[in-house]
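S.K.: the amino acid sequence is not available; the structure is as follows:
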């Protein structure tokens, strides 16, 4: 199920806890980067849907790529949208790297629970020990619920800040 937005749900909860130490934008970009290879396979009919990009080794490489590209693309986009009305937005490297790596590693973890064709620990094994028989629907529910919980925490935190 490439390009599913549901992987971002748990990240909203992470954002609620880490706030400025985590970039939801870079995390979301990492989700897109992870699913480029499966998209190419779907369009061409060649290759394995959950190939090397959906391994933890692939996640480390793509996490770095998502962090670097997401930092610069995110800053560019946020600064263009600001129309000069606020100080220039800078995504610190630590934030970009944490967000990129959390995005790619969590993507492999969540997908590995659903898809039997994955080999998340390649090159050490072609098996998928993370396949617990969880359905796509159950993962989507988890992601949506965790996203709503994160939004609630952020909302309460905003109300508490406003009340001070």
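M.R.: Right, received. Where do you want to start? All figures in this text were calculated on a predicted structure; none of them were measured in a lab.
S.K.: which residue is nearest the middle of the chain?
M.R.: residue 103 (3.0 Å; Cα atoms, centre = their mean).
S.K.: what about residue 126, neighbour count?
M.R.: 9 (other Cβ atoms under 10 Å). In short, each C-beta sits where N, CA and C put it, glycine included.
S.K.: give me the neighbour count for the spatially closest residue to it that is not a sequence neighbour.
M.R.: Excluding the flanking residues, the one nearest residue 126 by Cβ to Cβ, 6 or more residues apart in numbering is residue 119, at 4.6 Å. Residue 119: 20 surrounding residues under other Cβ under 10 Å.
S.K.: just the pLDDT at the nearest residue to residue 127 once chain neighbours are set aside, thanks.
M.R.: Leaving aside its sequence neighbours, residue 127 sits nearest to residue 119 (Cβ to Cβ, 6+ apart; 6.9 Å). pLDDT for residue 119: 96.
S.K.: going forward, count from 18.
M.R.: Yep, numbering from 18; the last one is residue 136 now.
S.K.: residue 136 against residue 148, yeah?
M.R.: No: counting by Cβ atoms under 8 Å, residue 136 does not reach residue 148; the two are 10.4 Å apart.
S.K.: hmm, back to that, which residues are in contact with the residue nearest to the centre of the chain?
M.R.: 24, 28, 43-48, 50-51, 80, 83 (Cβ atoms under 8 Å, 6 or more residues apart in numbering).
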